[in-house]
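Asks: structure for the following, please:
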Amino acid sequence: MSGQPASYNPGTTYTLQISVSGNGNGGFSLDANKGTLSTGGVGIMAVKVNSAGNSATHTTNSYR
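Replies: Next comes the predicted model:
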């Protein structure tokens, strides 16, 4: 993951990038205890953010 800040500043937007490499059998789960997660657009891997905006993961098993 890249783009994470050294410290959190409320009201600031941070762009995070998650990269998965290897044989394609991986995935990810990202949880936030401050702020709200959202998808910024379409990338190679589809991302699903829960309705509370505090957890994100790959959308389906086909992306693992």
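
Asks: pull the contacting residues for Tyr8.
Replies: By C-beta atoms under 8 Å, 6 or more residues apart in numbering, the contact list for Tyr8 reads Lys34, Gly35. Using the backbone N, CA and C atoms, a C-beta is placed for each residue, glycine as well.

Asks: so for it, what's the pLDDT?
Replies: Tyr8 carries a pLDDT score of 87 in this model.

Asks: and it, what element?
Replies: Using DSSP states H and E, Tyr8 sits in no helix or strand.

Asks: can you tell me how far it is from Gly27?
Replies: Plainly put, Tyr8 is 25 Å away from Gly27 if you go by C-beta to C-beta, to the nearest Å.

Asks: and the contacts of stretch 34-42?
Replies: Tyr8, Pro10, Tyr14, Thr15, Leu30, Val47, Val49, Gly53, Asn54, Ser55, Ala56.

Asks: tell me where the chain has helices.
Replies: Using DSSP state H, the chain contains no helices.

Asks: quick one, strands of the protein?
Replies: Ranges of strands within the chain are 29-31, 47-49, 55-58, based on DSSP state E.

Asks: for stretch 12-20, measure first residue to last.
Replies: Terminal residues of stretch 12-20 are spaced 26 Å apart (C-alpha to C-alpha, to the nearest Å).

Asks: could you number the chain from 7 rather than 1 from now on?
Replies: All right, first residue 7 from here; so that's stretch 18-26.

Asks: next, the buried residues of it.
Replies: Under the neighbour-count criterion of 16 or more other C-beta atoms under 10 Å, stretch 18-26 has nothing buried.

Asks: contact partners for Tyr20?
Replies: Gly9, Gln10, Pro11, Gly41 are the contacts of Tyr20 under C-beta under 8 Å, 6+ apart.

Asks: can you give me the neighbour number for the third one?
Replies: Okay, so that is Pro11. Neighbours of Pro11 under the rule other C-beta atoms under 10 Å: 9.

Asks: Ser35 versus that one, what's the distance?
Replies: 20 Å.

Asks: what of the second one?
Replies: Between Gln10 and Ser35 the distance, using C-beta to C-beta, works out to 15 Å.

Asks: now the last one
Replies: Gly41 sits at a distance of 17 Å from Ser35 (criterion: C-beta to C-beta).
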